[in-house]
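*Asks:* Give me the fold of what follows.
(chains A and B)
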Amino acid sequence: MSDPTPTGPLPDDEDATVRSLREAMAARADAANPGDRLAQIHDRAHAHRRRTRAWTAVAAAAAVVVVGGGTALALTRPGPGDTVRLTAASAAPTPAASTTPPPTTAPAPATSTAVPAPAATRTVATTTPAPATSSPVSSAAPTSALPSGAATVPVYFLGDGTTKLFREFAKAAGPGDDATRALRAMLAGAAQDPDYTSPWSADDAARVTAVDGVLVVDLDGSAAATPLPAAQAAAAVQQLVYTVTAAAGDDLPVEVRVGAAARPTLFGHAVAQTVSRAPQADVQAPAWITSTSTATPGQVVVQGVGTGFEGTLLYAVTDAAGAEVARDAVQAGSNGRFAEFSVTVPLPAGTYTVAVEAPDESGGEGAATVADTKTVTVR
Amino acid sequence: MTVARLTIVQHLREHVVRDPGPAAVGEDPHAWDADTAVTVLYAAHWRRLVGLALLLVKDRASAEEVVQDAFVALHRRWGRLDDQASAVAYLRQSVVNGARDVLRHREVEDRRRPLPEPEPEGPEERAVRSAEHRTVLAALDALPTRQREVLVLRYHGDLSEQDIAESLGISRGAVKTHAHRGLAALRAAVQTTEEHS
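*Replies:* Sure, this is the predicted structure:
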């Protein structure tokens, strides 16, 4: 830290790091969905003594079930003996900074994983109620423009030896909207993680168009010519569907056409007119490592998304010689619900392999567990 | 003992002096009693302050606790505050102080405390949107406390350098130094992650 630190004016939104930091902090603050504590505040304020030190309270807070969406009710709770009419205050419970969703688009949540939107703070894009399937159809215009210009696009791959999906973000160059770029990157199949594979073949002319609420994917037959077992063919189709819907930012049904003909044969199996995202729990690998950071010397921060029995995933770190140096549980989502996890592992400098997986709860009778592994170099 | 009694006496004095009892709530904060003030300010600022606290302490349970403490303290203090603007500043200052206490305690107490509960809305769709965010936030979380405080107050709280300096009890020069160092670390972290993933 002996290098000189500039002391000029602090940068603002002209600085990409500042912009990114602002958006990220707003997103985290906005996702807080704090529980309602007005009653507790009044109770404590009226207990005429300092009965709790902060620390016992913090410990107790771990047991408090945090319920989102209670804020609206809280607004109408009067103080003891008061008839409280909230005037301007009730109109703006959130700051301007966190009422704006991040500008990047995101797919609508699949219905199987739908979460309640935070009360009154988000604009919901869909205008029609989702049907009771996993293929909500939004009321799109007959032909609509797809998002474009993203620095990186989501691309899905299959894990080596499994039919489960993993996701990467690719700096897919080339023309076209984000969905088309993602589709071509997926077909080209060059995953950054050497454990990820793809049965598709490259097709630089493949493209995605949004027509009447359907994402139409035009392919050359050579992209999916090799016959595969049915389960693998289905997984490959989901790989495509996940990729184009994620990049298009909308969970629309996908229609695959080969040589302009609908209902093509892909990998030796007929494909339905349209295919929607299958439930995450059915097709997505139970644990993804979505980022590793070794910016701070002496540690690695591993972040990801996953689901496991009782929310438990396992991580293990092995050194360059293959010896396990760390192993522990980490909490993610449960019951088929995916949630983020983050773990910081202190390590001496060196190169390691980090693996995260859902533990096998079937006593060895189920399918082999699917781990996600990344190589990291700790400074 | 003497100290504790004095605090209670003080508290009662403030309360009796300033508590006009139930009253209609108007636009004028001067007319509010402590209960009304807390209720109105809670409605307007609870969520935002929990967001601020969350960025400082990193886990929700502690964040809510810190802000709850701030409101309880405000209730006690209400008689001495001039207007709503100073009440909001008081709440913010309480949150910054409370967050610092949490972090200090955490450092001493237990470096391997259980991980905070993951956010309830975290399926893959959200990850699609927020992968870059999480890289930045992980780097933010890894910063020394001072640097993180300065960045959070400057770029989330939108406080001026002067306000940050007063809030943290440091010089404006130190605010700039911490901010520049913090931003440099974030830049490096984003680059490192891009190389590795």
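*Asks:* thought A:Val343 was touching A:Val330?
*Replies:* Yes - contact criterion Cβ atoms under 8 Å: A:Val343 and A:Val330 qualify, at 4.8 Å. No exception for glycine: its C-beta is placed from N, CA and C like everyone else's.
*Asks:* domains for chain B, by residue range?
*Replies:* B:35-111, B:125-197 (automatic domain parsing).
*Asks:* Pull the contacting residues for the spatially closest residue to A:Tyr315 that is not a sequence neighbour.
*Replies:* Using Cβ to Cβ, 6 or more residues apart in numbering or on different chains and skipping the chain neighbours, the partner closest in space to A:Tyr315 is A:Val356 (4.7 Å). A:Val356 sits next to A:287-289, A:302, A:304, A:306, A:313-315, A:330, A:341, A:371-373 when contact means Cβ atoms under 8 Å, 6 or more residues apart in numbering or on different chains.
*Asks:* in whichever strand or helix holds A:Val356, what's buried?
*Replies:* Counting by DSSP states H and E, the element that carries A:Val356 is strand A:350-357. Counting neighbours by 16 or more other Cβ atoms under 10 Å in any protein chain shown, one finds that the buried residues in strand A:350-357 are A:352, A:354-357.
*Asks:* Strand partners (parallel or antiparallel) of the helix or strand that it is followed by?
*Replies:* For strand A:350-357, the following helix or strand on the C-terminal side (DSSP H and E) is strand A:371-378. Taking DSSP bridges as the criterion, strand A:371-378 forms sheet pairs with strand A:350-357 (antiparallel).
*Asks:* closest one to A:Pro264 among the domains of chain B?
*Replies:* With Cβ to Cβ, the closest approach to A:Pro264 among these belongs to domain B:125-197: 27.1 Å.
*Asks:* hmm, back to that, dump the domains of chain B into JSON lines; add mean neighbour count and mean pLDDT as well.
*Replies:* JSON lines is the format used below for these (neighbours: other Cβ atoms under 10 Å in any protein chain shown; pLDDT from 0 to 100):
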{"stretch": "domain B:35-111", "mean neighbour count": "21", "mean pLDDT": "84"}
{"stretch": "domain B:125-197", "mean neighbour count": "20", "mean pLDDT": "84"}
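*Asks:* give me the beta-bridge partners of the residue nearest to A:Tyr315?
*Replies:* Here A:Val356, judged by DSSP bridges, has bridge partners A:Tyr315, A:Asp372.
*Asks:* What distance do you get for it to chain B?
*Replies:* Distance of A:Val356 to chain B, computed by Cβ to the nearest Cβ, to the nearest Å: 14 Å.
*Asks:* what does A:Phe267 give?
*Replies:* 24 Å.
*Asks:* Look up the pLDDT of that residue for me, please.
*Replies:* Confidence at A:Phe267, expressed as pLDDT, is 96.
*Asks:* can you give me phi and psi for it?
*Replies:* phi 50, psi 30 (degrees, to the nearest 10).
*Asks:* mind checking which helix or strand of chain A has the lowest mean pLDDT?
*Replies:* Lowest mean confidence among the helices and strands of chain A (mean pLDDT, DSSP states H and E): helix A:71-75, at a mean of 31.
*Asks:* Is the closest residue to chain A within chain B within a helix or a strand, and which one?
*Replies:* Per Cβ to the nearest Cβ, B:Gly51 is where chain B lies closest to chain A, at 2.7 Å. Per DSSP H and E: B:Gly51 is located in helix B:34-57.
*Asks:* Could you grab the helix/strand/coil label for the residue in chain A positioned nearest to chain B?
*Replies:* Using Cβ to the nearest Cβ, the closest approach of chain A to chain B is made by A:Ala29 at 2.7 Å. Secondary structure, DSSP: H, G, I helix; E, B strand; the rest coil: A:Ala29 is helix.
*Asks:* Just give the number of residues close to it.
*Replies:* When counting by other Cβ atoms under 10 Å in any protein chain shown, one arrives at 25 neighbours for A:Ala29.
*Asks:* Skipping its backbone neighbours, what lies nearest it in space?
*Replies:* B:Gly51 (2.7 Å).
*Asks:* Likewise for A:Ser148?
*Replies:* Per Cβ to Cβ, 6+ apart, closest to A:Ser148 is A:Asp177, 4.1 Å.
*Asks:* Correct me if wrong: that neighbour contacts A:Leu146.
*Replies:* Yes - counting by Cβ under 8 Å, A:Asp177 touches A:Leu146, with 3.9 Å between them.
*Asks:* joint contacts of those two?
*Replies:* With Cβ under 8 Å, 6+ apart, A:Asp177 and A:Leu146 have common neighbours A:208, A:248.
*Asks:* Could you tell me the model confidence score at A:Glu255?
*Replies:* 96.
*Asks:* How about A:Gly161?
*Replies:* Value for A:Gly161, per-residue pLDDT: 87.
*Asks:* Three-state assignment for it, please.
*Replies:* coil.
*Asks:* What's the local residue count around it?
*Replies:* Neighbour tally, A:Gly161, other Cβ under 10 Å: 10.
*Asks:* about what we covered before: pretty sure the residue of chain A closest to chain B contacts B:Tyr155?
*Replies:* No - with contact defined as Cβ under 8 Å, A:Ala29 does not count as touching B:Tyr155 (11.5 Å).
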